[in-house]
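Q: All I have is the shape, not the residue letters:
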Ligand code: HEM
């Protein structure tokens, strides 16, 4: 009997000791969490920071209409191929807006995959899509400026605007490849 009592006291002591250890561990863990710097919040993709697919589609819609109206690259362009496209091929404009929206959603890290109708050398490559349009570097820059204005219109913050324009500019060589090649041939 005595044995049983002392055993039970001993057991309670062990349990109390354990819970004390548990509490101490919790305090220590709390202190450790305080001592360590917080891990950085996961970086949001450009796609998320732009506001997702609807915000991107709204910018592309505004931008694509502005390009058609632009005097240098639109209906009155000196480039006959751009002039022709902007006046006679307007049934293709909704599709172009769709494809551009997909392209931007893809390049900015969104959950969409752009699949070119005329594939370039890379999945987001644009050389074949633009080759016949013979877009000059100056015409490209005019379109980039139009994109900048559409991003401002949509109140896209400075950092995100810079990133979209940089993604666009990174494909200048591909978009102007048709012009450069034709010029090279004389
Ligand atoms: C990096 C810059 C550019 C991007 C991201 C871009 C994006 C695209 C995309 C995704 C397409 C559809 C391609 C396909 O059918 O698979 C396309 C076609 C087209 N782009 Fe661009 N583009 C750029 C520059 C330009 C410039 C500077 C112009 C000059 C106005 C232009 C005019 C056009 C036209 C007219 C088409 C339609 C061709 C057709 O009817 O199939 N693009 N572009």
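A: Ah, there it is. If you're wondering where the values come from, they're calculated on a predicted model, not measured in any experiment. Residues are numbered from 1 along each chain as shown.
Q: ok, which residues in the protein are in contact with the ligand?
A: Neighbours of the ligand within the chain, by Cβ under 6 Å from any ligand atom: 67, 73, 82, 85, 89, 92, 96, 99-100, 103, 116-118, 126, 129-130, 133, 135, 139-140, 143, 168, 171, 175. Quick note: C-beta positions are derived from backbone N, CA and C, even for glycine.
Q: What subset of those residues is buried?
A: Among those, the ones that count as buried by 16 or more other Cβ atoms under 10 Å are 67, 73, 82, 85, 96, 99-100, 103, 116, 126, 129-130, 133, 135, 139-140, 143, 168, 171, 175.
Q: Cross those against helices and list the overlap.
A: Under the assignment DSSP state H, those contribute 67, 82, 85, 96, 99-100, 103, 129-130, 139-140, 143, 168, 175 to helices.
Q: Any stretches of the protein with poor pLDDT?
A: 1-35 (pLDDT under 70).
Q: need the contact list for the most centrally placed residue in it.
A: Among the residues of the chain, the one closest to the centroid is residue 108, at 1.5 Å (Cα atoms, centre = their mean). Taking Cβ atoms under 8 Å, 6 or more residues apart in numbering, we find residue 108 in contact with 45, 46, 47, 50, 56, 163, 164, 167.
Q: rerun at 10 Å
A: 45, 46, 47, 48, 49, 50, 52, 56, 160, 163, 164, 167 (Cβ atoms under 10 Å, 6 or more residues apart in numbering).
Q: Quick check: closest non-adjacent residue to the fifth one.
A: The one in question is residue 49. residue 160 (5.2 Å; Cβ to Cβ, 6 or more residues apart in numbering).
Q: pretty sure that neighbour contacts residue 46?
A: Yes. With contact defined as Cβ atoms under 10 Å, residue 160 and residue 46 form a contacting pair (6.4 Å).
Q: Of those two, give the one with the bigger neighbour count.
A: With neighbours defined as other Cβ atoms under 10 Å, residue 160 and residue 46 compare such that residue 46 has more, 20 against 16.
Q: Apart from its chain neighbours, what residue comes closest to that one?
A: residue 108 (3.9 Å).
Q: What separation is there between the one you found and the ligand?
A: Residue 108 is 11 Å from the ligand, where distance means Cβ to the nearest ligand atom, to the nearest Å.
Q: in which helix or strand would I find residue 44?
A: Using DSSP states H and E, residue 44 maps to neither a helix nor a strand.
Q: Residue 61 is in contact with residue 68, isn't it?
A: No. Assessed by Cβ under 10 Å, residue 61 is found out of contact with residue 68, at 11.6 Å.
Q: how about the strands in this protein?
A: In the chain, no strands are defined using DSSP state E.
Q: Break it into its domains for me.
A: 1-39, 46-185 (automatic domain parsing).
Q: Give me whichever of those domains is most buried.
A: domain 46-185 (a mean of 16; mean count of other Cβ atoms under 10 Å).
Q: Skipping adjacent residues, who's closest to residue 138 in space?
A: Per Cβ to Cβ, 6+ apart, closest to residue 138 is residue 72, 7.8 Å.
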